[in-house]
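Colleague: next come a sequence and a model predicted from it.
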Amino acid sequence: MLARTVVVAIAVVAAAGMCVRLGFWQLSRASGKRAIHVAQRALLALPPIELAEALPAAAPEVGRRARVRGMWERDRHVLLSGRSYIGAAGVSLVTPVRLASGEYLLVERGWLPAADSRSAHPERLPDSVADVLGVVLPLGSAALANEWVALPAERAGVELWSARTLDSAHAIARLPSPLALWSVRALPASGDSPSASDEPSPKPEPYDVPGGSVHVSYAIQWFGFAAVILGGAIALALRRKPSPMPPERE
């Protein structure tokens, strides 16, 4: 009986200890997320890098704002598939911008509605000068990229590509060069909302990471589990404690 009690007590303490440890792990993750959030907000607060004349000698820091001015390459577009926005299916439109130097930079212009989450027609967009404020992002790894698929266009000479992600190998092979091996994702202007027309709608900041409140909630749950395990074990032990024998009558 004593051995069984000892085994049960060890199991209860181990289970409660594991829950407490998981709770502190979640608090650590919350602290890490808050640190990332602070760093990202600091980058976004810096003045934007001006990209109009030529590409910089080195890629800007990821998360830094940049203003891109040039000409849209109207005959080349990439549609990033499976990009829902506020519950609606769609794609994210990426178009190269030609700078004054003749160099090209990929700009993720924003979301377009697409019932199949794959097909859209950015060639319908009017010819315009690019003037975009966005955030610098890296291109994905070629080792993890899916094959780009050609899509039919409504106008001759236009190349449309469907892809899950942007990667340097496919971008260099299929888009104008010289091409930057990083991109800029457009930020929405204040008060922007999804467009019902063919105009792309920029999505909110891609580097706006929550401050960790979700992980704090998880930590509270784990601490609660530990309290329930210990409290339940103590209550059960007290319930099973033998009652004292009544005194014998003389």
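Modeller: Great, that's in hand. Note that the structure is predicted; figures quoted are calculated from it, not measured.

Colleague: quick one: contacts for residue 68?
Modeller: Counting by Cβ atoms under 8 Å, 6 or more residues apart in numbering, residue 68 makes contact with 51, 52, 97, 99, 105, 107, 130, 131, 132, 134, 184. The C-beta positions use only the backbone N, C-alpha and C, and glycine is treated the same way.

Colleague: per-residue pLDDT of it, please?
Modeller: What the model reports as pLDDT for residue 68 is 96.

Colleague: and the one 10 residues further on, by the same measure?
Modeller: At residue 78 the predicted local distance difference test score is 96.

Colleague: helix, strand or coil for it?
Modeller: strand (DSSP: H, G, I helix; E, B strand; the rest coil).

Colleague: please name the bridge partners of the nearest residue to it once chain neighbours are set aside.
Modeller: If the residues on either side of it in the chain are set aside, residue 78 comes closest to residue 94, at 4.1 Å by Cβ to Cβ, 6 or more residues apart in numbering. With DSSP bridges applied, residue 94 shows beta-bridge pairing to residue 78, residue 108.

Colleague: wait, doesn't residue 94 sit right on residue 105?
Modeller: No - the pair residue 94 and residue 105 fails to qualify as a contact (Cβ atoms under 8 Å) at a distance of 10.7 Å.

Colleague: so between the two, which is more surrounded?
Modeller: With other Cβ atoms under 10 Å as the criterion, residue 94 and residue 105 differ in neighbour count, and residue 94 comes out ahead with 25 against 21.

Colleague: for the more buried one, which residues are in contact?
Modeller: For residue 94, counting by Cβ under 8 Å, 6+ apart, the contacting residues are 77, 78, 79, 80, 106, 107, 108, 109, 166, 183.

Colleague: show the pLDDT at it.
Modeller: Looking at residue 94, its pLDDT stands at 96.

Colleague: ok, it to residue 12 distance?
Modeller: Distance, residue 94 to residue 12, by Cβ to Cβ, to the nearest Å: 56 Å.

Colleague: ranges for the helices of this protein?
Modeller: Taking DSSP state H as the criterion, the chain contains helices spanning 2-45, 168-174, 213-240.

Colleague: can you redo these as JSON lines with mean pLDDT and distance to residue 122?
Modeller: Listed next are those as JSON lines, based on pLDDT from 0 to 100; distance: least, Cβ to Cβ, whole Å:
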{"stretch": "helix 2-45", "mean pLDDT": "84", "distance to residue 122": "27"}
{"stretch": "helix 168-174", "mean pLDDT": "91", "distance to residue 122": "15"}
{"stretch": "helix 213-240", "mean pLDDT": "84", "distance to residue 122": "36"}
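
Colleague: which of those helices sits most buried?
Modeller: Highest mean neighbour count among the helices of the chain (mean count of other Cβ atoms under 10 Å): helix 168-174, with a mean of 17.

Colleague: any chance of the helices of the chain in a markdown table, plus distance to residue 159?
Modeller: As requested, the helices of the chain are arranged in a markdown table below (distance: least, Cβ to Cβ, whole Å):
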| stretch | distance to residue 159 |
| --- | --- |
| helix 2-45 | 33 |
| helix 168-174 | 7 |
| helix 213-240 | 41 |
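
Colleague: closest one to residue 88 among those?
Modeller: When the helices of the chain are compared by Cβ to Cβ, helix 213-240 sits nearest residue 88, at 24.8 Å.
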